[in-house]
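Enquirer: sequence and predicted structure are below.
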Amino acid sequence: MTALTLWRNAKLATLQGSTPWGWIEDGTLLTQGDRIVWVGEASALPAAQAKQVEDEYDLGGALLTPGLVDCHTHLVYGGQRAAEFEQRLQGASYEAIARAGGGIRSTVAATRAASDEELLASATRRAHSLMADGVTTVEIKSGYGLSEWDEARCLRVARTLGQTLPLSVRTTYLGAHALPPEFAGRTDDYVDAVCTWMPALHAQGLVDAVDAFCENIGFTPAQTRRVFEAARALGLPVKLHAEQLSDQGGAALAAEFGALSCDHLEHLSESGIRAMHTAGTVAVLLPGAYYFLRDTTLPPIDALRAHGVPMAIATDHNPGTSPGLSLLLMLNMACTLFRLTPEEALRGATVHGARALGLHDRGTLAAGQRADFCVWDLEHPNELAYWFGHNPCRRTIAGGLERTL
Ligand SMILES: N=CN[C@@H](CCC(=O)O)C(=O)O
Ligand SMILES: [Zn+2]
């Protein structure tokens, strides 16, 4: 039997139970292999388990939280789009740049031109930045390849990250992200192709979920439905880039397919919120994209809260709309821009982020959960959303093992 490890003398924000933060003042955690086996007040540690402890760490009264979950990223791509950023600062809109063949399509060209090694090297550097902030689970979408070959390459790079780094990686197939140039004027043919490639990508073990960009510069609800039907036929869960720039009714469509999450949601309607609530779909809020596009329409936070729709927070890291690589900064933005409470923001980057990926074994500190947790140089968890531009993450334990970067 694997030995038990004791982590003592910590303040725990377990995010478990009904008390604020799931707070435990003098907390102790027991882990065995990659799992947490006991969490509680030090004084309540069962004597039988205490006897089995082989390793013991005194955390010196530090704050402990679950490892962070970044549930929406586009981490694998070639090139960058700083020139497009300048164009937008001079007045060009994101949509106009996309319609002129730039935007996502310019990253597709740079991604296709990059070698597997280059894609892996740049994605590894980005993953290191996320991990430095305490991220232990990350979702990585394809969507900058847009051919069967290039989508497979990008998904393979994402899988490789999960095998080579101390990081859990979930992959999402986003073939329906934009129309590649070779399909110009033939969007429906491209949607057919996206659906046709899906079984082979899935058979290679490259796909955990399927996503689409339902938008007037992306794919229509009818085209999105076809992508979702193909996913359903393979038993794959779906997610959606929904109502980012306009209300397409995408959230209700995604909810009809039991979507894990709908993401962005600046233009989400009341009926979309109700549909998400009924389906148990998570609202993934992306303050980095809202900020970087200098958007002025806020997602309907109060209504989401009122309907009890769980809200997750993610970086949406991508070269066009959210080049940031700090999930902690997103916690701050979720509070300052979207008016989430610091506790909602932390739950969004842990337990609700995990749920947006269909993962129920992480995001809280509780027996049976993965032993993914962070030790912070902070007094209180509200400081995670308070500080920005500085990193208080002192140690990260991923799958029960101390992570060194
Ligand atoms: N909105 C669509 N997809 C990305 C942006 C991709 C890009 O501009 O390269 C997003 O989530 O914001
Ligand atoms: Zn995205």
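Expert: Happy to help now that I have it. Keep in mind that this is a model prediction, so the values were computed, not measured. Ligands and ions are numbered 1, 2, ... in the order given.
Enquirer: please report the distance of residue 182 from residue 191.
Expert: Distance from residue 182 to residue 191, counting by CB to CB, to the nearest Å: 14 Å. C-beta: built from backbone N, CA, C; applies to glycine.
Enquirer: neighbour count: those two, which is higher?
Expert: residue 191 (24 against 10; other CB atoms under 10 Å).
Enquirer: skipping adjacent residues, who's closest to that one in space?
Expert: Among residues not flanking residue 191 along the chain, residue 223 sits closest, at 4.6 Å (CB to CB, 6 or more residues apart in numbering).
Enquirer: touching, that neighbour and residue 187? I think so.
Expert: Yes - taking contacts as CB atoms under 8 Å, residue 223 lies within contact range of residue 187: 6.7 Å.
Enquirer: find me the pLDDT at the residue of the stretch 101-250 of the chain found nearest ligand 1, would you?
Expert: Using CB to the nearest ligand atom, the single residue of the stretch 101-250 of the chain nearest to ligand 1 is residue 104, 4.4 Å away. On pLDDT, residue 104 comes in at 97.
Enquirer: just to revisit the earlier point, looking at residue 223 and residue 187, which has the bigger crowd around it?
Expert: Ranked by neighbour count (other CB under 10 Å), residue 223 and residue 187 place residue 223 first, with 20 against 15.
Enquirer: for residue 19, see how far away that one is.
Expert: For residue 223 relative to residue 19 (CB to CB), the value is 46 Å.
Enquirer: could you do residue 336 as well?
Expert: 26 Å.
Enquirer: neighbour-wise, which of the two wins?
Expert: residue 336 (13 against 9).
Enquirer: residue 214 against residue 247, yeah?
Expert: No - using CB under 8 Å, residue 214 is not in contact with residue 247, being 10.4 Å away.
Enquirer: other SSEs contacting the helix or strand containing residue 86?
Expert: If you go by DSSP states H and E, residue 86 is part of helix 82-89. In terms of contacts (3 or more CB pairs under 8 Å, 6 or more residues apart in numbering; DSSP states H and E), helix 82-89 is packed against helix 94-99.
Enquirer: for the residue of the chain found nearest ligand 1, phi and psi?
Expert: Of all residues in the chain, residue 320 sits closest to ligand 1, at 2.4 Å by CB to the nearest ligand atom. Dihedral angles of residue 320 (phi, psi; degrees, to the nearest 10) stand at phi -100, psi -50.
Enquirer: which residues are in contact with it?
Expert: Neighbouring residues of residue 320 by CB atoms under 8 Å, 6 or more residues apart in numbering: 81, 84, 94, 103-104, 107.
Enquirer: what's the most distant pair in those?
Expert: 94 and 107 (13.1 Å; CB to CB).
Enquirer: so what's the closest residue to residue 8 other than its chain neighbours up against?
Expert: Excluding its sequence neighbours, the residue lying closest to residue 8 (CB to CB, 6+ apart) is residue 28, at 4.7 Å. Each residue near residue 28 by CB under 8 Å, 6+ apart is listed here: 6-10, 38-42, 45.
Enquirer: so where do the strands sit in the stretch 201-350 of the chain?
Expert: Along the stretch 201-350 of the chain, the stretches classed as strands by DSSP state E, counting those that start in this stretch are 209-212, 239-242, 261-264, 282-285, 311-313.
Enquirer: most tightly surrounded among the ones you listed?
Expert: strand 239-242 (a mean of 32; mean count of other CB atoms under 10 Å).
Enquirer: ok, and what's touching the helix or strand bottoming out on mean pLDDT in the chain?
Expert: In the chain, the helix or strand scored least confidently by mean pLDDT, DSSP states H and E is helix 47-51, which has a mean of 92. Residues from elsewhere that reach helix 47-51 (CB under 8 Å, 6+ apart): 4, 6, 30, 37-38.
Enquirer: adding secondary structure, write the residues you listed out as TSV.
Expert: Converted to TSV, the contacts of helix 47-51 look like this (DSSP: H, G, I helix; E, B strand; the rest coil):
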residue	secondary structure
4	strand
6	strand
30	strand
37	strand
38	strand
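Enquirer: which of those tops the neighbour count?
Expert: residue 30 (23 neighbours).
Enquirer: quick check: it touching residue 38?
Expert: Yes - with contact defined as CB under 8 Å, residue 30 reaches residue 38; the gap is 4.0 Å.
Enquirer: overlap of the contact sets of these two?
Expert: Contacts common to residue 30 and residue 38, judged by CB under 8 Å, 6+ apart, are 45, 49.
Enquirer: touching, residue 383 and residue 390? I think so.
Expert: No - using CB under 8 Å, residue 383 is not in contact with residue 390, being 10.7 Å away.
Enquirer: looking at these two, which one has more neighbours?
Expert: Applying other CB under 10 Å to residue 383 and residue 390 shows that residue 383 carries more neighbours, namely 14 against 7.
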